[in-house]
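J.: Quick one: sequence plus predicted model below, questions after.
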Amino acid sequence: MKAAPFAYHRPDTVADAVSLLGDLGEDAKILAGGQSLVPMLAMRLTHFEHLIDISRVEQLRNIELRDDPAPSVWIGAGTPHAFVGMDDEVAESVPLLTLSTPHIGHFQIRTRGTLGGAIAHADPAAEYAAVALALDAEIEATSARGSRRIPAAEFFTGLWETALAADEILTAVAFPVWSGRCGFAVQEFARRHGDFAIAGATLAVEVDDDDRVTRCGLGLLGLGSTPERGTPAEEAVVGSPVTDITAEEFGRLAVSALRDVPTDLQGTAAYRTKVGATMAARAWTQATTAVLETALETRTALNA
């Protein structure tokens, strides 16, 4: 099929883009990388009278470490997945993004698709959206009225729905930097590599010098109408020694509060829930093993 006719606009600046969006109203849609929107238009699952292509707005293609007030990595909404996945600053400061990038589609999609587009699309199986939840990221929204920051926990409001106003563009995402003794993991299951995940987990864990968990962030994908947070598992592990928590228990807690797990052609709600618990359990093993092995290597080096 072919997309229905539409008017095409290609602004050069954010100011021009938000001005167009404000003037054209609900008949307009932002086009970033087109990873998700173009197939939907081609299959006529949606239609807009105007497309505003922001893919060449250079202001939106950047990666920057800031302190405002805490250390965070700011990534422009127009930055392609491939750039995020290869960036040394991201790998050092926000490893969850680096770990999750290879799971996004195929190389061609990662070259064209953008971080901001993926998060604004709000697909419940989107990896970057789950990372944003796990790390308590902030989303910068810009309109002709100015800019505001939206906590990731408040950003995803429903299936493909967000807290963005009709005249706002997602312009950047700020990912907090987790320092200290931290472990990170991304686990997901799909029928084929590059397919949408049936279920998955993105996990960040911080421990103190006594190997007790001081902080835990768990984002779940494919298990609801939006990306989900594994709050019961997070709360249960904080304050406990890492070695006292089994992967199976962590996985069970991770999905214990889910109430909107979908049933579709990929599997029943029960199947997705079971897969989600397994992915969370594997993520716990991966993240905590990395922390403990790093500590062991450090102690061995000091005693050498």
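T.: Happy to help now that I have it.
J.: Just list what the lowest-mean-pLDDT helix or strand in the chain packs against, helices and strands only.
T.: Sorting the helices and strands of the chain by mean pLDDT, DSSP states H and E puts helix 269-303 at the bottom, at a mean of 84. Helices and strands touching helix 269-303, by 3 or more C-beta pairs under 8 Å, 6 or more residues apart in numbering; DSSP states H and E, are strand 181-189, strand 199-207, strand 213-221, helix 247-254. Glycine gets a C-beta too; all of them are placed from N, C-alpha and C.
J.: Contacts only, for residue 95.
T.: residue 184 (C-beta atoms under 8 Å, 6 or more residues apart in numbering).
J.: Show the backbone phi and psi for the nearest residue to residue 94 once chain neighbours are set aside.
T.: For residue 94, ignoring the flanking residues on the chain, the nearest one in space by C-beta to C-beta, 6 or more residues apart in numbering is residue 175 at 4.6 Å. When read as degrees, to the nearest 10, the backbone of residue 175 gives phi -100, psi 120.
J.: Tell me, how many residues neighbour residue 175?
T.: Using other C-beta atoms under 10 Å, residue 175 has 24 neighbouring residues.
J.: circling back to that earlier point, can you say which of the helices and strands packed on helix 269-303 is packed in most?
T.: strand 199-207 (a mean of 28; mean count of other C-beta atoms under 10 Å).
J.: hey, where'd the strands end up in the stretch 51-200 of the chain?
T.: Under the criterion DSSP state E, counting those that start in this stretch, the stretch 51-200 of the chain contains strands at 63-67, 71-76, 138-143, 146-151, 156-158, 161-162, 169-176, 181-189, 199-207.
J.: Mean pLDDT and distance to residue 221 for those strands - can I get that in CSV?
T.: Below are those laid out as CSV (pLDDT from 0 to 100; distance: least, C-beta to C-beta, whole Å):
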stretch, mean pLDDT, distance to residue 221
strand 63-67, 95, 23
strand 71-76, 98, 19
strand 138-143, 98, 17
strand 146-151, 98, 18
strand 156-158, 97, 11
strand 161-162, 96, 16
strand 169-176, 98, 16
strand 181-189, 97, 7
strand 199-207, 98, 4
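J.: Can you redo these as JSON lines, where the extra columns are distance to residue 132?
T.: Shown next, in JSON lines, are the strands of the stretch 51-200 of the chain (distance: least, C-beta to C-beta, whole Å):
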{"stretch": "strand 63-67", "distance to residue 132": "15"}
{"stretch": "strand 71-76", "distance to residue 132": "10"}
{"stretch": "strand 138-143", "distance to residue 132": "7"}
{"stretch": "strand 146-151", "distance to residue 132": "9"}
{"stretch": "strand 156-158", "distance to residue 132": "9"}
{"stretch": "strand 161-162", "distance to residue 132": "11"}
{"stretch": "strand 169-176", "distance to residue 132": "6"}
{"stretch": "strand 181-189", "distance to residue 132": "13"}
{"stretch": "strand 199-207", "distance to residue 132": "9"}
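J.: and the gap between the nearest residue to residue 126 once chain neighbours are set aside and residue 104?
T.: Leaving aside its sequence neighbours, residue 126 sits nearest to residue 118 (C-beta to C-beta, 6+ apart; 5.3 Å). Taking C-beta to C-beta, to the nearest Å as the measure, residue 118 falls 7 Å from residue 104.
J.: more neighbours, the two?
T.: Set residue 118 next to residue 104 and count neighbours by other C-beta under 10 Å: residue 118 wins out with 26 against 22.
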